[in-house]
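*Asks:* Provided below are the primary sequence and the corresponding predicted coordinates.
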Amino acid sequence: MSLLPETGRRVNEIAARAQSAGRVPSLALAVVRDRAVLHFAAAGAQPVPDPQTQYRIGSITKTLTATMVMQLRDEGFFALDDLLYRHLPGTSVGGVTLRQLLGHVSGLQREPNGPWWERNPGGDVDRLLADLAFDKLAGPPFRRFRYSNLAYGLLGAVLQRVTGTTWADLVGKRVLDPLGMTRTSYAPVEPFARGYVVHALDGSLHEEPRPDAGAMAPAGQLWSTVTDMATWAGFLADPPSEVLSPETVDEMCTPVFLSDLESWTSGHGLGPQLYRVGERIYVGHGGSMPGYVAHLSVHRRSRIGVVAFANAYGMTGTSIQEVGLRALSAVLDAEPPAPEPWRAPAPPSAEAAPLCGRWWWMGREFEMRADGDELTLDEVARPGRPSRFTREGPDRWRGVDGTNHGEVLAVQRTPDGEVAGLDIATFVFRRDPRHLA
């Protein structure tokens with residue numbers, strides 16, 4: 001699959017205008033799908049961007065840290081509602097939970113103590129914890145969203161304590177190696193773009209240092225390429241179960257915080273950031289480190305995403321997030337995903353067949369359909385919000401999608417074994433149209 005020529009030209013234009021007006025030495029912008037680069041747009045010449053050129057991805061790193069937290073949760077190392085002191089005993093901010101840290105609702109301030117960690121060599125985990133004071137809690141949990149780099153430094157410390165392995169080794173073993181992200185690294189590996197501050201007065205370039213963030217690495221250390229970030233966008237859209245289950249990634253992408261409860265345009269899940277553009281929801285994360293800005297977002301339903309890098313600390317008149325979201329929306333507007341092809345359902349199983357057909361509840365008519373051993377219940381007058389059920393055992397089915405997700409469908413039978421009704425979470429459906437309860 002590739003973009004239509006006119007769509008590709010639009011993406012090229014977005015990249016060129018952003019690089020020129022934003023006054024950045026180089027800008028890389030890619031449209032990606034299913035772990036592959038569909039279109040690559042390069043702008044600028046310091047250096048000329050290439051899909052294999054590394055840029056520092058900053059806080060996109062946090063999504064990899066969050067993935068490892070969820071892996072270990074799924075493996076039974078801890079629960080997300082564990083208090084921090086359980087895994088980092090003695091810390092002065094131990095009364096917050098891992099869930100609160102992941103979603104930036106712990107009340108922690110943004111940065112650790114000491115010199116600005118992004119421009120200075122970082123210390124180890126023991127130093128990070130020793131420097132914490134009670135006043136780093138700026139407010140109670142869940143009172144408000146407070147983006148916290150410190151929170152992810154602490155999550156990295158938890159990962160190290162419970163596994164006995166450094167965060168750098170863990171991210172390689174648990175995420176990068178299984179996904180084949182060979183050009184994502186802890187430190188830069190040539191070819192990589194040098195990062196700059198572009199002075200607002202004269203446009204002069206000032207190369208930035210590239211320190212090891214130490215214990216704060218889980219918040220923003222990594223370097224990567226367009227090609228590897230295409231793989232990461234593909235993971236967020238359609239994760240391989242050997243790395244993390246799709247259900248857990250769905251959980252990560254569920255909002256913990258919304259920016260505006262009336263007409264929200266952004267929010268945060270358990271690691272990923274959420275963006276609303278029109279009626280579409282994108283998931284991903286932005287990133288910045290001195291000399292670099294980055295953005296990754298993906299429309300999970302279509303599996304189409306964007307990756308954007310620039311090697312300057314900020315852009316004039318815009319942001320790398322605006323550039324990325326503009327490009328992603330332009331592609332989806334021009335090339336909406338094709339509908340899933342229809343296929344004939346499999347013949348109903350022996351257990352499902354007697355349950356198919358019309359059912360009534362509270363004067364409303366419903367239709368039950370089967371696809372092999374899976375049932376779908378939809379209202380006849382208002383179709384479009386069906387409930388799907390899978391068989392758990394004799395006369396017992398479990399909701400896996402729709403309004404009855406998680407609920408039990410129990411088959412009621414007459415004394416001679418005929419199907420008499422369907423009990424779904426105490427709502428009893430009958431064949432009789434006059435049935436009301």
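*Replies:* Looks like it came in fine. Residues are numbered from 1 along each chain as shown.
*Asks:* which residues of this protein score low on pLDDT?
*Replies:* Along the chain, segments meeting pLDDT under 70 span 437.
*Asks:* next secondary structure element downstream of the lengthiest helix in it?
*Replies:* Secondary structure assigned by DSSP state H gives helix 5-22 as the longest helix of the chain. Per DSSP states H and E, helix 5-22 leads on to strand 26-33 as the next helix or strand towards the C-terminus.
*Asks:* dump the residue contacts of the residue most central in space within the chain.
*Replies:* In the chain, the centroid-proximal residue (C-alpha atoms, centre = their mean) is P272; its distance is 3.8 Å. Neighbouring residues of P272 by C-beta atoms under 8 Å, 6 or more residues apart in numbering: T63, A66, L236, M252, C253, V283, G284, H285. Where C-beta positions appear, they are placed from N, C-alpha and C, glycine not excepted.
*Asks:* quick one: which of the residues you listed sit in helices?
*Replies:* The members of the contacts of P272 that map onto helices under DSSP H are T63, A66, L236, M252.
*Asks:* quick one: which of those is nearest T166?
*Replies:* Distance to T166, by C-beta to C-beta, is smallest for A66 among these, at 17.5 Å.
*Asks:* how near is T265 to T316?
*Replies:* Distance, T265 to T316, by C-beta to C-beta, to the nearest Å: 23 Å.
*Asks:* got it, and S148?
*Replies:* 28 Å.
*Asks:* with neighbour numbers in mind, choose between these two.
*Replies:* Higher neighbour count among S148 and T316: S148, with 24 against 13, using other C-beta atoms under 10 Å.
*Asks:* list the contacts for that one?
*Replies:* By C-beta under 8 Å, 6+ apart, S148 lies in contact with L101, H104, S106, L108, Q109, R110.
*Asks:* tell me, how many residues neighbour the third one?
*Replies:* In other words, S106. Neighbour count of S106, defined by other C-beta under 10 Å: 28.
*Asks:* all the strands of the stretch 251-400 of the chain, residue numbers only.
*Replies:* 257-258, 266-268, 273-277, 280-289, 292-299, 304-310, 357-361, 364-371, 374-379, 387-393, 396-401 (DSSP state E, counting those that start in this stretch).
*Asks:* scratch that, the stretch 101-250 of the chain
*Replies:* Under DSSP E, counting those that start in this stretch, the stretch 101-250 of the chain gives strands at 196-198, 205-207, 223-224.
*Asks:* outline the domain layout of this structure.
*Replies:* Per automatic domain parsing, the domain ranges recorded for the chain read 5-334, 353-429.
*Asks:* ok, which of the strands of the stretch 101-250 of the chain comes nearest A36?
*Replies:* Here strand 223-224 is closest among the strands of the stretch 101-250 of the chain (C-beta to C-beta), at 15.7 Å.
*Asks:* secondary structure element holding F429?
*Replies:* Using DSSP H and E, F429 sits within strand 427-429.
*Asks:* and that strand, which residues are buried?
*Replies:* V428, F429 (16 or more other C-beta atoms under 10 Å).
*Asks:* picking up where we left off before, in a markdown table, list the domains of the chain along with distance to L436.
*Replies:* A markdown table is the format used below for the domains of the chain (distance: least, C-beta to C-beta, whole Å):
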| stretch | distance to L436 |
| --- | --- |
| domain 5-334 | 36 |
| domain 353-429 | 6 |
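*Asks:* most tightly surrounded among those?
*Replies:* Across the domains of the chain, averaging neighbours per residue (mean count of other C-beta atoms under 10 Å) puts domain 5-334 on top, at a mean of 19.
*Asks:* could you tell me the end-to-end distance of that domain?
*Replies:* 11 Å (C-alpha to C-alpha, to the nearest Å).
*Asks:* likewise for stretch 179-197?
*Replies:* By C-alpha to C-alpha, the extent of stretch 179-197 from end to end equals 33 Å.
*Asks:* to the chain's geometric centre, what's the distance from that stretch?
*Replies:* 22 Å (C-alpha atoms, centre = their mean, to the nearest Å).
*Asks:* same question for stretch 380-392.
*Replies:* For stretch 380-392, the distance to the chain centre is 27 Å (C-alpha atoms, centre = their mean).
*Asks:* one more: stretch 225-240?
*Replies:* 11 Å.
*Asks:* same thing with stretch 117-133?
*Replies:* Once both centres are worked out by C-alpha atoms, centre = their mean, stretch 117-133 turns out to sit 27 Å from its chain's centre.
*Asks:* and for it, what are the contacting residues?
*Replies:* 88, 90-93, 111-114, 149, 153-154, 156-157, 160-161, 208-209, 211-217, 220, 289-290.
*Asks:* same thing but 6 Å
*Replies:* For stretch 117-133, contacts defined as C-beta atoms under 6 Å, 6 or more residues apart in numbering pick out 91-93, 113, 153, 157, 160, 211-216, 289-290.
*Asks:* now do stretch 224-231
*Replies:* With C-beta under 6 Å, 6+ apart, stretch 224-231 has contacts from 28, 30, 32, 35, 37, 51-52, 54, 57, 179, 181, 183-184, 296, 307.
*Asks:* show me how far it is from its chain's centre.
*Replies:* Put simply, stretch 224-231 sits 15 Å off its chain's centre (C-alpha atoms, centre = their mean).
*Asks:* list the contacts of the closest residue to G305 other than its chain neighbours.
*Replies:* Closest residue to G305 apart from its sequence neighbours, by C-beta to C-beta, 6 or more residues apart in numbering: V298 at 3.2 Å. With contact taken as C-beta under 6 Å, 6+ apart, V298 is in contact with A233, L236, A237, G284, G305.
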